[in-house]
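Trainee: Sequence and predicted model, in that order:
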Number of protein chains: 2
Amino acid sequence: MGTPLPRDPIADAQRNWERHGWGDVAAPMAAITAIMRTQQILLARIETVLKPFGLTFARYELLALLSFARSGALPMNKASALLQVHPTSVTNAVDRLEKAALVARSPHPTDGRTTLIELTAEGRTLAKKATAALNAEVFGQSGFGPDDVDHLIRVLGTFRRDAGDFTEE
Amino acid sequence: MGTPLPRDPIADAQRNWERHGWGDVAAPMAAITAIMRTQQILLARIETVLKPFGLTFARYELLALLSFARSGALPMNKASALLQVHPTSVTNAVDRLEKAALVARSPHPTDGRTTLIELTAEGRTLAKKATAALNAEVFGQSGFGPDDVDHLIRVLGTFRRDAGDFTEE
DNA sequence: TCCAAACCCTTGGATGTCCTAGTATATTGC
DNA sequence: GCAATATACTAGGACATCCAAGGGTTTGGA
């Protein structure tokens, strides 16, 4: 956004919390705020890498999901559930991907309510290229050490399970 | 959003990455995806708590920031820098907060380019109430253990520093 | 059998974020 | 002192997310 600040604004906020008598929740507040900010930074990096492909992160996620589906097609409600976003967000993403000829809508063979999203050949190709770029430029250079990665996966996994994302394990 | 999934979709994605020969970046990919999803969950919790106050997280953050400023007023560019969001986002938030009479714009005494944002009495009161609610219902029940909180603060702090958020330490 | 309840997708509206200008004010350099 | 550059805020546009509502399809119980 701009030049670096001289001091960590989240650490400052934590000190402010403590100074106002909320010391018991200051640390979790700081951790949560840090997660929010980290997400913002990561999203910006991802979007930068995807821009040359004409993709946003939301659209990329859908392409990637479809590319792993055995048949290359998924019902929209399934995609919504797996991506953990509102159905209208999927509608939005599919609209734009369809306009770019990266996916196609097709009626479900047996359930008239359901619409299947299917990857086109270009969609599959683009997904592959975009994944390679993300792997090289974002995931491969996350800045997190291997131990930190393991810790994040474990801690956030527990958090997500407790939040009701999934039941396994 | 809906009912819990039977399996962790991020763990599945990680397995897919490994299966496609991207094992070297599968773990960081999973960690980053988990951060994105965790942020989404936390934001939803926060927004739920703030809704009764007529606030969104973006507006609350601005109110909270102002409430910690000694004079209760800050230049917009300062707020933008401290909140680490684009200046236009601050303009947007101030527009709405001003319409709700929670903050007021005033000209900077010496710099004609600058606009100061000032907390109104209602703004200060509401910020206090909203903070109490967030402390009780979100930060005080984060679900992260004390050790995990410390670890998150440390790891994400390093990440943010390396990303150029701040220079201290 | 048949109608109500459940489910699926889309439309429309409210918010937030960013980017790209555009306008106004300050500062700098010659 | 004046022109060129930098800084501060705002307007308009593109996207994403969610919620509320509406129309079509299935399912299930009376």
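Mentor: Structure received.
Trainee: from here on, contacts and neighbour counts on C-alpha atoms
Mentor: Will do.
Trainee: and the closest residue to residue A:140 other than its chain neighbours, backbone torsions?
Mentor: Distances taken as CA to CA, 6 or more residues apart in numbering or on different chains put residue B:25 closest to residue A:140, at 5.5 Å, once the chain neighbours are dropped. According to degrees, to the nearest 10, the main-chain angles of residue B:25 amount to phi -120, psi 10.
Trainee: Look at residue B:25 and say how many residues are nearby.
Mentor: Residue crowding around residue B:25 was assessed by other CA atoms under 10 Å in any protein chain shown; the count is 20.
Trainee: Correct me if wrong: it contacts residue A:142.
Mentor: No - proximity of residue B:25 to residue A:142 does not meet the contact threshold set by CA atoms under 8 Å, at 9.3 Å.
Trainee: Let me know how buried residue A:88 is, in neighbour terms.
Mentor: Based on other CA under 10 Å, the number of other residues close to residue A:88 is 12.
Trainee: what's the spacing between it and residue A:42?
Mentor: When distances are taken as CA to CA, to the nearest Å, residue A:88 and residue A:42 turn out to be 24 Å apart.
Trainee: Same check on residue A:83?
Mentor: When CA to CA is the yardstick, residue A:83 and residue A:42 sit 17 Å from each other.
Trainee: returning to that earlier point: the residue nearest to residue A:140: what's it in contact with?
Mentor: Under the criterion of CA atoms under 8 Å, 6 or more residues apart in numbering or on different chains, the contact partners of residue B:25 comprise A:135, A:139-140, B:17.
Trainee: Can I get those in a markdown table including pLDDT and neighbour count?
Mentor: Compiled in a markdown table, these are given as follows (pLDDT from 0 to 100; neighbours: other CA atoms under 10 Å in any protein chain shown):
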| residue | pLDDT | neighbour count |
| --- | --- | --- |
| A:135 | 98 | 20 |
| A:139 | 98 | 25 |
| A:140 | 97 | 18 |
| B:17 | 97 | 21 |
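Trainee: What segments of chain A are strands?
Mentor: Remark: strands of chain A, listed N- to C-terminal, are A:73-75, A:103-107, A:115-119; assignment by DSSP state E.
Trainee: Could you point out which of the ones you listed sits nearest residue B:56?
Mentor: The closest of the strands of chain A to residue B:56 is strand A:73-75. By CA to CA, the value is 32.7 Å.
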